[in-house]
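Trainee: using only what follows, build the 3D model:
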Amino acid sequence: MSRLAAVQMASGPNRQANLIEAGRLIADAARSGAELVALPENFGLMGMVDDDLVTAAEADGEGPLQEFLAEQARRNGIWLVGGTVPIASADGTRARPACLVFDDRGQRVARYDKIHLFDVHLPDSGESYTESRTLEPGEAVVTLDSPFGRLGLAVCYDLRFPELFREMVAAGAETFIVPSAFTAITGRAHWEVLTRARAIENLCYLVAPAQGGYHANGRQTWGHSAIIDPWGSVLDRLPNGSGVVVADRNADYQRSVRRTFPALEHRRR
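Mentor: Residues are numbered from 1 along each chain as shown. From the prediction side, this is the model:
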């Protein structure tokens, strides 16, 4: 049995204020017994304009956001999934949305760059998003071994692409970590459906830390951070506001579900 936690925030343009809040919530999760803690997408910065992420982009392996994550993991003795951190692209014109994982010694053990970028117009609200203008997508599927089973990493819009999760399961994934910042409109319609579906169809645990609330840039995010088990049951959720959801991962239960309901073995394509 291992305890997992997902942090929910409503980050803004003040990086230092965001880090103070993230540190407080990480400590809360650690005090609850969590051994792995995951932060939401853009935990360290929700800028006033999209270009703020490019301006704040860090060199790979150094910078205040990466130093914060390493220190928090080491100080709290936890594995920490750092939502996303903007990492400078090779030509410096865009940022890479990188999900970084640190072990309990503060050593970075994985980096996943968000593959699917959110280029979407929402006619009901007039909202329009073109992440590809300021963000550069990743290409590689990332899984890694941990004390909590084999982890598979995805970010936000990736939830809509089940083939990515199938690839992670083919690589042995048992728990998905999906930092997100769903809009209020898409979240209301699709967030729970998508998160539970990815857990159910792959017989995996899924940890979904999210942005949730109103942001200084006028954006509203859906929240509803959750931890979901391989049968699709929501073990814990937080609808709105800052906070932490915590649940236990039971490896024996997961093996039992996969054994008695062997859908993964029935795949023909």
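Trainee: going by C-alpha atoms from here, please, whenever you check contacts or count neighbours.
Mentor: Fine.
Trainee: element containing Arg150?
Mentor: Arg150 belongs to strand 149-153 when assigned by DSSP states H and E.
Trainee: what lies in contact with that strand?
Mentor: Strand 149-153 has contacts (CA atoms under 8 Å, 6 or more residues apart in numbering) with 99, 112, 141-145, 165, 168-169, 172-178, 251.
Trainee: what does the average pLDDT come to for the helix or strand harbouring Gln16?
Mentor: Assessed by DSSP H and E, Gln16 sits inside helix 15-31. Taken as a whole, helix 15-31 has a mean pLDDT of 98.
Trainee: cool, and stretch 234-251?
Mentor: 97.
Trainee: buried set for that stretch?
Mentor: Residues of stretch 234-251 classed as buried by neighbour count (16 or more other CA atoms under 10 Å): 234, 236-238, 240-249.
Trainee: and if you look at stretch 180-198?
Mentor: Buried residues in stretch 180-198 (16+ other CA under 10 Å): 180-185, 187, 191, 194-198.
Trainee: which of those residues fall within helices?
Mentor: 184-185, 194-198 (DSSP state H).
Trainee: about what we covered before: hmm, who's touching the helix holding Gln16?
Mentor: Outside helix 15-31, the residues within contact range by CA under 8 Å, 6+ apart are 5, 7, 9, 11-12, 37, 39, 43-45, 68, 72, 76, 78, 243-244, 246.
Trainee: hmm, try it at 6 Å
Mentor: 11, 44-45 (CA atoms under 6 Å, 6 or more residues apart in numbering).
Trainee: now do the helices in the stretch 1-150 of the chain.
Mentor: Secondary structure of the stretch 1-150 of the chain, counting by DSSP state H, counting those that start in this stretch: helices at 15-31, 51-55, 64-76.
Trainee: in JSON lines: those, plus mean neighbour count.
Mentor: Formatted as JSON lines, the helices of the stretch 1-150 of the chain follow (neighbours: other CA atoms under 10 Å):
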{"stretch": "helix 15-31", "mean neighbour count": "18"}
{"stretch": "helix 51-55", "mean neighbour count": "18"}
{"stretch": "helix 64-76", "mean neighbour count": "20"}
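Trainee: quick one on the thing from earlier: just the buried residues out of the contacts of strand 149-153, in PyMOL syntax.
Mentor: Buried residues within those, by 16+ other CA under 10 Å, are selected in PyMOL with:
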select buried, resi 99+112+141+142+143+144+165+168+169+172+173+174+175+176+177+178
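Trainee: now, which of the ones in helices among the buried residues of stretch 180-198 sits nearest Gln220?
Mentor: Distance to Gln220 across those (CA to CA) is lowest for Ala184, with 5.7 Å.
Trainee: phi first, then psi, for Phe165.
Mentor: Main-chain torsions, Phe165, degrees, to the nearest 10: phi -70, psi -30.
Trainee: grab the nearest non-local neighbour of it.
Mentor: Arg198 (7.2 Å; CA to CA, 6 or more residues apart in numbering).
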